[in-house]
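*Asks:* coords please:
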Amino acid sequence: MALPLLTTSLLLLLGTASANIQSQPPKQHILPPLYPHASDCLPGPLKNDLLPSCETAFVSNKTLKGGQEKPWTHTPFCLDTTSGTPYCVFTASKFQGPKRGISIVAPLPNNASSSLAQVEKLILSASKSKDDFIAVGEDLEDPPYALRTIDGKGFGLIATRKIPKGSIFMTDYAALMADKDFASNLRMEQGRLLLSEAVVRLPYPDRVIKLARSSTRPGEVPAAEDVMKTNSFSVEVGGHGYVALFPDVSRMNHACKPNAITRFNATALSKTITAFRDILPGEEITISYTAFNLQSKVRLPRLKRLWGFDCTCKLCAGPPELLAASDTRRQKVDDLGPQIVQLVEEGKFDEAVKLNTEMIQVLTDEEILPHMGDYYEIMGRLYQAWGKKKEAIEWFEKALEEVEGFKADGADDLKKIIRALKAEKEST
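*Replies:* This next block holds a predicted model:
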């Protein structure tokens with residue numbers, strides 16, 4: 001069972017209304033491995049060179065309905081598609097300042113409740129308010145990191161001074177976003193044309209074009225597509241899925257035991273980067289491109305298939321016995337999760353406490369979570385359900401310390417629980 005699913009299941013079973021899940025796989029590919037209309041389109045990396053090219057894509061004469069404030073600084077560039085719904089490039093070149101901007105590939109909206117209409121509102125409001133997670137010193141000339149060449153990796157970010165655990169040291173904003181279904185509704189050349197147009201409309205296209213690429217056939221895959229495949233994240237905005245590219249975050253390389261973690265703010269269309277642990281001067285800043293609990297037999301082929309590299313992080317490049325021990329711990333996490341859930345469902349809270357104690361130790365040894373707040377909260381709720389208020393309060397207080405130290409959500413709810421339990425304890 002994946003860690004976010006496990007903590008969600010347990011917290012829901014134990015009576016919480018919401019779970020504070022921060023860990024997420026950072027990067028996902030924008031396009032599926034095959035296009036539905038690939039057989040109709042021009043030769044590309046997935047096609048035979050003898051196949052005919054698609055007809056030339058054309059600009060739709062459909063335009064956005066006026067009458068309300070729009071954030072777009074360019075006339076939308078639209079293409080009619082096989083689905084019957086035009087897809088367009090919408091660009092707000094002044095989003096988050098003159099050096100940033102954002103372009104979005106999405107269906108032409110037909111009503112005010114469309115997913116794009118929700119994004120429009122966010123972009124408009126972004127110019128009037130600041131990101132809730134904004135980093136102290138963001139956009140200053142002296143950030144705590146610098147772009148450097150790294151052997152075997154190309155470029156990466158290196159810490160220039162100590163970055164304390166739990167501190168937010170970068171806030172980056174989406175430069176490109178694409179509707180999650182756009183590849184399914186477009187011919188290959190149409191998708192490529194829209195992505196290329198989305199990039200060139202940005203104030204500084206090089207912020208995107210100069211990012212890393214993973215194609216083994218760079219001469220055949222357009223730069224915009226290659227960059228998006230290599231560097232995009234899956235995000236959800238207003239209940240709708242997109243893939244998004246964050247130029248500064250994309251400079252961070254992968255590690256199977258990273259020292260930083262990403263968090264997406266759907267209101268600000270931003271990614272914040274938080275130190276997983278203390279990051280020392282001269283140390284490379286890394287994030288994980290995959291889910292934290294994957295074993296090497298799953299993780300390494302996925303990295304190779306999706307991003308085109310063999311992982312050389314400290315864990316994967318270290319002695320085989322260390323990698324094997326890591327896999328054993330991650331397998332243990334997968335085994336313990338369903339067992340704890342079953343014990344909770346059966347009301348065997350004393351046994352669940354024992355297994356969750358073991359879970360906490362395994363997770364601590366493996367160092368795959370940025371903080372243990374969720375598991376400390378689970379322990380508190382187990383003791384609470386068991387009727388042991390003293391122990392429950394102790395674990396809830398430990399959870400609160402973790403959450404506040406990592407600037408994560410859930411502190412207010414934990415404080416309410418602690419106050420209520422203390423009041424109950426004093427009245428008995």
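
*Asks:* all contacts plus neighbour counts: C-alpha atoms, from now on.
*Replies:* Will do.

*Asks:* next SSE downstream of the host helix or strand of residue 392?
*Replies:* Residue 392 belongs to helix 389-405 when elements are defined using DSSP states H and E. Downstream of helix 389-405, the first helix or strand assigned by DSSP H and E is helix 411-427.

*Asks:* could you export that following helix as CSV, CA atoms only?
*Replies:* C-alpha atoms of helix 411-427 as CSV (Å, rounded to 0.1, in the frame of the first residue of the first chain):
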residue,chain,number,x,y,z
ALA,A,411,-1.4,22.1,13.3
ASP,A,412,-4.7,23.8,14.3
ASP,A,413,-6.6,20.5,14.2
LEU,A,414,-3.9,18.9,16.4
LYS,A,415,-4.1,21.7,18.9
LYS,A,416,-7.9,21.3,19.2
ILE,A,417,-7.5,17.6,19.8
ILE,A,418,-4.8,18.1,22.5
ARG,A,419,-6.9,20.7,24.3
ALA,A,420,-10.0,18.5,24.2
LEU,A,421,-8.1,15.5,25.5
LYS,A,422,-6.5,17.5,28.3
ALA,A,423,-9.9,18.8,29.3
GLU,A,424,-11.3,15.3,29.4
LYS,A,425,-8.3,14.0,31.4
GLU,A,426,-8.7,16.8,34.0
SER,A,427,-12.4,16.2,34.4
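
*Asks:* give me the buried positions along it.
*Replies:* Under the neighbour-count criterion of 16 or more other Cα atoms under 10 Å, helix 411-427 has 411, 414, 417, 418, 421 buried.

*Asks:* if we can go back for a sec, any idea of the angle the helix holding residue 392 forms with helix 411-427?
*Replies:* Interaxial angle of helix 389-405 relative to helix 411-427 (axes from the mean of the first three to the mean of the last three Cα atoms, to 10 degrees): 160 degrees.

*Asks:* which neighbouring elements make contact with helix 389-405?
*Replies:* Helix 389-405 sits against helix 373-386, helix 411-427, with contacts defined as 3 or more Cα pairs under 8 Å, 6 or more residues apart in numbering; DSSP states H and E.

*Asks:* helix 389-405 and the first one, what's the angle between them?
*Replies:* Direction vectors for helix 373-386 and helix 389-405, defined by the same axes, to 10 degrees, enclose an angle of 160 degrees.

*Asks:* so which elements touch helix 373-386?
*Replies:* helix 3-13, helix 349-366, helix 389-405.

*Asks:* averaged pLDDT, that helix. What do you get?
*Replies:* Across helix 373-386, pLDDT averages out at 94.

*Asks:* then the longest one?
*Replies:* In this model, helix 411-427 carries a mean pLDDT of 92.

*Asks:* among the helices and strands packed on helix 373-386, which is the most enclosed?
*Replies:* Across the helices and strands packed on helix 373-386, averaging neighbours per residue (mean count of other Cα atoms under 10 Å) puts helix 389-405 on top, at a mean of 20.

*Asks:* and that one, average pLDDT?
*Replies:* Taken as a whole, helix 389-405 has a mean pLDDT of 94.

*Asks:* return it as PDB; C-alpha atoms alone will do.
*Replies:* As requested, the backbone C-alpha atoms of helix 389-405 are provided in PDB (Å, rounded to 0.1, in the frame of the first residue of the first chain):
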ATOM      1  CA  LYS A 389      -5.500   9.600  27.100                       C
ATOM      2  CA  LYS A 390      -2.100  10.300  28.600                       C
ATOM      3  CA  GLU A 391      -0.200   8.400  25.900                       C
ATOM      4  CA  ALA A 392      -2.500   9.800  23.200                       C
ATOM      5  CA  ILE A 393      -1.700  13.400  24.300                       C
ATOM      6  CA  GLU A 394       2.000  12.700  24.200                       C
ATOM      7  CA  TRP A 395       1.800  11.400  20.700                       C
ATOM      8  CA  PHE A 396      -0.400  14.200  19.500                       C
ATOM      9  CA  GLU A 397       2.100  16.700  20.900                       C
ATOM     10  CA  LYS A 398       4.900  14.900  19.100                       C
ATOM     11  CA  ALA A 399       2.900  15.100  15.900                       C
ATOM     12  CA  LEU A 400       2.300  18.800  16.400                       C
ATOM     13  CA  GLU A 401       6.000  19.400  16.900                       C
ATOM     14  CA  GLU A 402       6.700  17.700  13.600                       C
ATOM     15  CA  VAL A 403       4.000  19.500  11.700                       C
ATOM     16  CA  GLU A 404       5.000  22.900  13.000                       C
ATOM     17  CA  GLY A 405       8.700  22.300  12.400                       C
END
